[in-house]
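>>> model the following, please.
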Amino acid sequence: MKAIIQAGGLGTRLRPVTYEIPKPLLTVKKKPILNHLVDLFTRHGIHEIGVVVSRAHEADFSRWQKTWRGEMPDEKITIFFEDQPSGTFGYLKHLRGWIGNEKFILSNGDELKDFDLSALKNFHEAHSPVATIALVKVPNPEEYGVPLINGHHIREFLEKPKNPPTEFISSGLYILEPTVFDYADLTKDFLMIENDVFPKIASEGKLLGYKVENGRWFDCGNLERWEKAIREW
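Residues are numbered from 1 along each chain as shown. The predicted structure is shown next:
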C-alpha cells in the first residue's frame with residue numbers, strides 16, 4: 001500500500017509564519033509535521049509515500065528532503081509539484097499510474113496523527129467500501145465537519161453544526177480504492193474530495209467511517225491549535 005500526503009495548502013490561518021515556511025514543514029517537538037506523518041506510515045509498513053506540494057515551495061521541500069534523508073532511510077519518498085492549486089483531489093488524477101491498481105492512503109499534511117493504521121486497513125478490507133474515513137473524537141466537534149452515520153455508513157457531513165450529533169470528526173486520513181476515480185469529474189483540474197467525491201460515494205452506501213480508539217490527533221491549522229500541539233504532543 002502507498003500513501004499520499006497533501007502538502008500544497010497555503011496555510012493562510014497561520015500567517016505570517018507561513019509566508020516563510022510551508023505549513024507541513026512547521027515543527028512540533030523540533031520535527032516537521034510531515035516527518036511525524038512519515039513516521040506513522042513507516043510504523044505500519046508503508047514505505048512508498050508521495051507528497052503533493054505547491055511548485056512555489058519547491059526549494060523548501062527539496063531542502064527538507066535533503067535535510068531529513070538520513071533519518072528516513074527506509075522510505076521511498078517522491079515529491080510531486082502542482083503548478084496551480086488543485087484542491088484535495090484534483091492533482092491525484094496525474095498520479096493514477098504511480099498509485100497503480102491497489103488501495104491507497106490519502107492524508108492531509110497539516111495534522112498530527114498517531115493511531116493504528118493496521119486496524120483501519122483491516123476494517124476497510126472487511127467491509128469492502130470505496131472509501132473509509134478515519135474518525136477521531138474531539139472535545140469541540142462544532143468547530144469541524146461532523147458526520148451523520150448510520151451504522152458504519154456515512155451519509156453526509158454537517159459543517160460546524162451548533163448541536164453536533166457525535167463527538168467524532170474526520171481525521172483527514174482515508175483509505176481509498178482505485179475505483180474512487182470513477183466518482184470524480186476528471187475533466188476538472190480543481191477537485192475537493194470532501195465536496196466533489198465523497199457525497200457521490202456516500203449516495204451509493206460505499207463511504208464508511210472508522211472510529212479510532214486510543215489514538216492521538218492534533219489539528220495544527222491555526223496558531224492556537226499549533227501551540228496546543230507543541231505543548232501536548
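
>>> if you count contacts, what does the worst-scoring helix or strand of the chain on mean pLDDT end up packed against?
The weakest-scoring helix or strand in the chain, judged by mean pLDDT, DSSP states H and E, is helix 17-20 (a mean of 82). Packed against helix 17-20 by the contact rule (3 or more C-beta pairs under 8 Å, 6 or more residues apart in numbering; DSSP states H and E) you find no helix or strand. Quick note: C-beta positions are derived from backbone N, CA and C, even for glycine.

>>> need the contact partners of it.
Contacts of helix 17-20 with the rest of the structure, by C-beta atoms under 8 Å, 6 or more residues apart in numbering, involve 10-12, 26, 223.

>>> with distance to residue 123 and neighbour count added, can I get these in a markdown table?
Shown next, in a markdown table, are those (distance: C-beta to C-beta, whole Å; neighbours: other C-beta atoms under 10 Å):
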| residue | distance to residue 123 | neighbour count |
| --- | --- | --- |
| 10 | 33 | 15 |
| 11 | 32 | 20 |
| 12 | 34 | 11 |
| 26 | 31 | 19 |
| 223 | 35 | 12 |
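
>>> now, which of these lie within helices?
Members of the contacts of helix 17-20 lying in helices (criterion: DSSP state H): residue 223.

>>> just give me the least confident of the contacts of helix 17-20.
Within the contacts of helix 17-20, pLDDT reaches its minimum at residue 11, with 68.

>>> other SSEs contacting the lengthiest strand in the chain?
Longest strand of the chain, by residue count under DSSP state E: strand 168-176. Judged by 3+ C-beta pairs under 8 Å, 6+ apart, the packing partners of strand 168-176 are strand 104-108, strand 111-114, helix 117-127, strand 131-137, strand 145-150.

>>> nearest to residue 168, of the ones you listed?
Comparing those against residue 168 with C-beta to C-beta, the closest turns out to be strand 131-137 (4.2 Å).

>>> which strands border that closest one, and is each parallel or antiparallel?
Paired neighbours of strand 131-137 in the sheet (DSSP bridges): strand 168-176 (antiparallel), strand 207-211 (parallel).

>>> rounded mean pLDDT for the longest one, please.
What it means is strand 168-176. Here the average pLDDT along strand 168-176 is 96.

>>> related to what we said a few turns ago, need the helices and strands packed on strand 168-176 in JSON lines (columns: distance to residue 52 and mean neighbour count).
Output for those, formatted as JSON lines (distance: least, C-beta to C-beta, whole Å; neighbours: other C-beta atoms under 10 Å):
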{"stretch": "strand 104-108", "distance to residue 52": "10", "mean neighbour count": "23"}
{"stretch": "strand 111-114", "distance to residue 52": "15", "mean neighbour count": "20"}
{"stretch": "helix 117-127", "distance to residue 52": "19", "mean neighbour count": "16"}
{"stretch": "strand 131-137", "distance to residue 52": "18", "mean neighbour count": "24"}
{"stretch": "strand 145-150", "distance to residue 52": "21", "mean neighbour count": "18"}
